[in-house]
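Chemist: 3D, please:
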Amino acid sequence: MVSVIISFYKRLTHLKICLESLRYSANNFNEVLIADDGSPPPTVNELKRLTDRFDFPIRHIWQKKQGFRLAASRNNAIREAKGDYLIFLDCDFAVMPDTIITHLHKAKPGRYVGARVKYLPEAPTNELISKGGTLDNLPDLYACLPEQAINREHRRFIKHSVLRYLHLIGPRKPQCSSHFSIYKKDIEYINGYDENFTGWGGEDEDLSHRMNLAGFSGYSAIKQARALHLWHPTELGGKDWQHGSNVDYLFRKRIKFRCQNGLFK
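Modeler: Okay, here's the model as predicted:
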C-alpha cells in the first residue's frame, strides 16, 4: 500500500488544488492523510466538505495548535498511515499525473527519493484557483517555467551523494526538502521527525542528516518527479530561520540517527 501525507494548516484553496492534482494519479496510491497542524474549527468543517468530493480515501489527522509543529503533525500521520510506502507533500503543491508513479518506480528499501518543485507565480496560481477543478494544463504550466534551478538542484544532489559515498563530506548536506518518499519501516527506524523542532525550519534538514547517518542512500528524482509550488504570500523566510531557535538545535553536536522525541517516545 502507498500513503500520501500532505502537510496542512488553514490553506484550503491550495489544498483543493493539491487534491485535484492527485485525481490524475489516484490509481497509484491507496490513501491520503492530511497532517493538520491545528487548523481552527471553521477550517476543519470546510475541509470535511472538501474531502467528501473525492473518490479516493482521505483521512484528516489533526493536532491541537501549540505553535508551529510541523514535525509532530507529520509524525501523527506516519503513525496512522496504512501504507508501507510514504510520499510526503505540502498542501501548496500541485503534482503532475506521473509524479506519484515516478516516486514508486524509484522506491527501494534503505533508500529515500528526493524531489523539488518549480515555483508558480501569483497570476497563474490565482487562475488555477479560480478554475476550481480544471487542471489539464498543469504540465504546460510546469514546462513554461525555467529549468535552471531544477537542473542545479539535481546536480547538487548527485554531487553530494557521490562525495558522501567517497567519505569526502559528512552527512549534513540536505537531501530531503520539497517532496520526498521513503518506506515506512525506514522512517520508523530513525524514529521519524524530531519533535524538538518547534517553530519554522530545520526539521527536514535534520531528517536528511539522520537518514544519511543511518546509512540510507538518497536518489534524485528531481528532474522526473515534477511538481509546482503554488504562490502564496510569504509568511516566514530565511531571516526567520536564521534567527529562530531551531538553528542551534539543528547544528547540535553528537547527533544520533535515531531521535528520542520522535514517533515512539
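Chemist: residue contacts, Thr125?
Modeler: 230-232 (Cβ atoms under 8 Å, 6 or more residues apart in numbering). In this view, the C-beta of every residue, glycine as well, is placed from N, C-alpha and C.
Chemist: that one should be in a strand, yeah?
Modeler: No: assessed with DSSP: H, G, I helix; E, B strand; the rest coil, Thr125 is helix; it does not lie in a strand.
Chemist: count residues in the vicinity of the closest residue to Pro109 other than its chain neighbours, would you?
Modeler: The shortest distance from Pro109 to any non-neighbouring residue, by Cβ to Cβ, 6 or more residues apart in numbering, is to Tyr183 (5.6 Å). Tyr183 has 19 neighbours, counted by other Cβ atoms under 10 Å.
Chemist: measure Tyr183 to Leu120 for me?
Modeler: 30 Å (Cβ to Cβ, to the nearest Å).
Chemist: go through the protein and flag its longest helix.
Modeler: Ranked by number of residues, the top helix in the chain under DSSP state H is helix 148-165.
Chemist: can I get the CA coordinates of the helix or strand following it in CSV?
Modeler: Counting by DSSP states H and E, the next helix or strand C-terminal to helix 148-165 is strand 180-183. Written as CSV, here are the backbone C-alpha positions of strand 180-183 (Å, rounded to 0.1, in the frame of the first residue of the first chain):
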residue,chain,number,x,y,z
PHE,A,180,10.2,13.1,-0.9
SER,A,181,9.3,9.4,-0.3
ILE,A,182,10.6,6.5,1.8
TYR,A,183,9.5,3.1,3.1
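Chemist: mind giving me the packing neighbours of the helix or strand just after strand 180-183?
Modeler: Sequence-wise, the next helix or strand downstream of strand 180-183 (DSSP H and E) is helix 184-189. On a contact count with 3 or more Cβ pairs under 8 Å, 6 or more residues apart in numbering; DSSP states H and E, helix 184-189 meets helix 70-80, strand 85-90.
Chemist: rerun at 10 Å
Modeler: Judged by 3 or more Cβ pairs under 10 Å, 6 or more residues apart in numbering; DSSP states H and E, helix 184-189 is in contact with helix 70-80, strand 85-90, strand 111-114, strand 180-183, helix 203-213.
Chemist: just how off-centre is that helix within its chain?
Modeler: 16 Å (Cα atoms, centre = their mean, to the nearest Å).
Chemist: need the residues that contact that helix.
Modeler: 1, 3, 74-75, 78-79, 81-86, 88, 108-112, 181-183, 192-193, 207, 210-211, 214-216, 257-258, 262-264 (Cβ atoms under 10 Å, 6 or more residues apart in numbering).
Chemist: buried ones among these?
Modeler: By neighbour count, with 16 or more other Cβ atoms under 10 Å, these hold 3, 74-75, 78, 81, 83, 85-86, 88, 111-112, 181-183, 192-193, 207, 210-211, 216, 257-258, 262-263 as buried.
Chemist: just to revisit the earlier point, out of the contacts of Thr125, list just those in helices.
Modeler: Using DSSP H, none of the contacts of Thr125 sit in helices.
Chemist: now distance to Asn30, neighbour count and pLDDT too, for those residues, in JSON lines please.
Modeler: Converted to JSON lines, these look like this (distance: Cβ to Cβ, whole Å; neighbours: other Cβ atoms under 10 Å; pLDDT from 0 to 100):
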{"residue": "Leu230", "distance to Asn30": "25", "neighbour count": "27", "pLDDT": "95"}
{"residue": "Trp231", "distance to Asn30": "31", "neighbour count": "18", "pLDDT": "94"}
{"residue": "His232", "distance to Asn30": "29", "neighbour count": "12", "pLDDT": "88"}
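Chemist: which element, helix or strand, includes Val32?
Modeler: Counting by DSSP H and E, Val32 is part of strand 31-36.
Chemist: tell me how far that strand is from the chain's mean position?
Modeler: The answer for strand 31-36 is 12 Å, by Cα atoms, centre = their mean.
Chemist: for the helices and strands packed on helix 184-189, give me JSON lines that also has distance to Phe157.
Modeler: Output for the helices and strands packed on helix 184-189, formatted as JSON lines (distance: least, Cβ to Cβ, whole Å):
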{"stretch": "helix 70-80", "distance to Phe157": "21"}
{"stretch": "strand 85-90", "distance to Phe157": "16"}
{"stretch": "strand 111-114", "distance to Phe157": "6"}
{"stretch": "strand 180-183", "distance to Phe157": "11"}
{"stretch": "helix 203-213", "distance to Phe157": "11"}
